[in-house]
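Novice: Make a model of this:
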Amino acid sequence: MHARVNINGSELLIILIVAMIVLGPRELPKMGRTLGNAVREFRKASSGITAELGLDKLLEEEKPKEQG
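Specialist: Numbers count the residues shown, from 1 in each chain. Coordinates of the predicted model:
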């Protein structure tokens with residue numbers, strides 16, 4: 001149920017070059033840390049909500065059905 005973003009090496013390189021031009025070399029590491037912290041907090045919150053609603057058990061039950 002997790003969404004996967006498929007970015008190949010050349011696309012990632014273009015994104016990094018554009019980010020370097022827009023943000024500059026001094027702001028890019030700060031932005032990376034901020035984005036990393038935001039993603040970490042979002043994952044923590046979403047896994048907490050999933051566990052609270054009992055969806056984690058439901059998803060675990062569905063996995064063998066999808067594979068088989």
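
Novice: and Leu28, how many residues sit next to it?
Specialist: Counted with other C-beta atoms under 10 Å, the neighbours of Leu28 add up to 14. For the C-beta atoms, the positions are set from N, CA and C on the backbone; glycine is no exception.

Novice: helix, strand or coil for it?
Specialist: Following DSSP: H, G, I helix; E, B strand; the rest coil, we place Leu28 in the helix state.

Novice: That one is in contact with Ala19, isn't it?
Specialist: Yes - between Leu28 and Ala19 a contact is recorded at 6.0 Å, counting by C-beta atoms under 8 Å.

Novice: how about Val5, phi and psi?
Specialist: Per-residue torsions, Val5: phi -100, psi 120 (degrees, to the nearest 10).

Novice: State the pLDDT value of it.
Specialist: Looking at Val5, its pLDDT stands at 75.

Novice: One more: Glu60?
Specialist: Predicted confidence (pLDDT) for Glu60: 75.

Novice: What separation is there between Ser13 and Ile21?
Specialist: You called it Ser, but residue 13 is Leu. For Leu13, the distance to Ile21 equals 13 Å [C-beta to C-beta, to the nearest Å].

Novice: Among these two, which residue is more densely surrounded?
Specialist: Using other C-beta under 10 Å as the criterion, Leu13 and Ile21 rank with Leu13 on top: 11 against 8.

Novice: Off-centre distance for the helix or strand containing the more buried one?
Specialist: Assigned by DSSP states H and E, Leu13 falls within helix 9-53. Distance of helix 9-53 from its chain centroid, counting by C-alpha atoms, centre = their mean, to the nearest Å, is 8 Å.

Novice: May I see the buried residues of stretch 37-45?
Specialist: Across stretch 37-45, burial judged by 16 or more other C-beta atoms under 10 Å covers no residue at all.

Novice: Ok, stretch 49-60 next?
Specialist: Buried residues in stretch 49-60, counted by 16+ other C-beta under 10 Å: none are found.

Novice: Quote the end-to-end distance of it.
Specialist: Stretch 49-60 has its terminal residues 16 Å apart, counting by C-alpha to C-alpha, to the nearest Å.
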